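Participant: take this sequence and fold it.
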Amino acid sequence: MKSRQGGTGTAEDVHMPAREGSMEAVKQLRQLRTVYAWGAAAWTGCLLLTLVGERGSTRQTVLLLVLLAAFLTLLLWSTWCLWESGAKRRPGPASAAAPSGGAGEK
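Facilitator: As a prediction, the model looks like this:
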């Protein structure tokens, strides 16, 4: 039975585009994580300059804290998503080293 895309309808045909798409998604998540990390560093620097310089108002300090918390939350989320996607793709060392019952075993 053929699927609409012209494949055979097996599980490999259904999941192949998802693998290619997931690699692109991982790449985008890594880029986002980099943006969030630099953003968190920038907001931390601004906050420190505001506190050390004692020129900032309370409103400015609270705004910088909120922005820093938002970027740290997004950084944590993107790191967690990358962790989850990596855990599903890579087999553990025990499963990679274990023999799979090939012809050489008796």
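
Participant: tell me what whichever strand or helix holds T73 is packed against?
Facilitator: Assigned by DSSP states H and E, T73 belongs to helix 58-89. Under the contact definition 3 or more CB pairs under 8 Å, 6 or more residues apart in numbering; DSSP states H and E, helix 58-89 sits against helix 11-53. The way it works is simple: take the backbone N, C-alpha and C, and place the C-beta from them, glycine included.

Participant: how about the helix holding T73: buried residues?
Facilitator: By 16 or more other CB atoms under 10 Å, the buried positions in helix 58-89 come out as L63, L64, L67, L68, F71, L72, L74, L75, S78, L82.

Participant: and that helix, what's its mean pLDDT?
Facilitator: The average pLDDT for helix 58-89 rounds to 89.

Participant: got the angle between it and helix 11-53?
Facilitator: 150 degrees (axes from the mean of the first three to the mean of the last three CA atoms, to 10 degrees).

Participant: returning to what we had before: of the buried residues of helix 58-89, closest to V52?
Facilitator: Checking the buried residues of helix 58-89 against V52 by CB to CB gives L64 as the nearest, at 12.7 Å.

Participant: got a pLDDT number for the closest residue to the closest one other than its chain neighbours?
Facilitator: With CB to CB, 6 or more residues apart in numbering as the measure, L47 is the residue that lies nearest to L64, at 4.4 Å, once sequence neighbours are left out. pLDDT for L47: 92.
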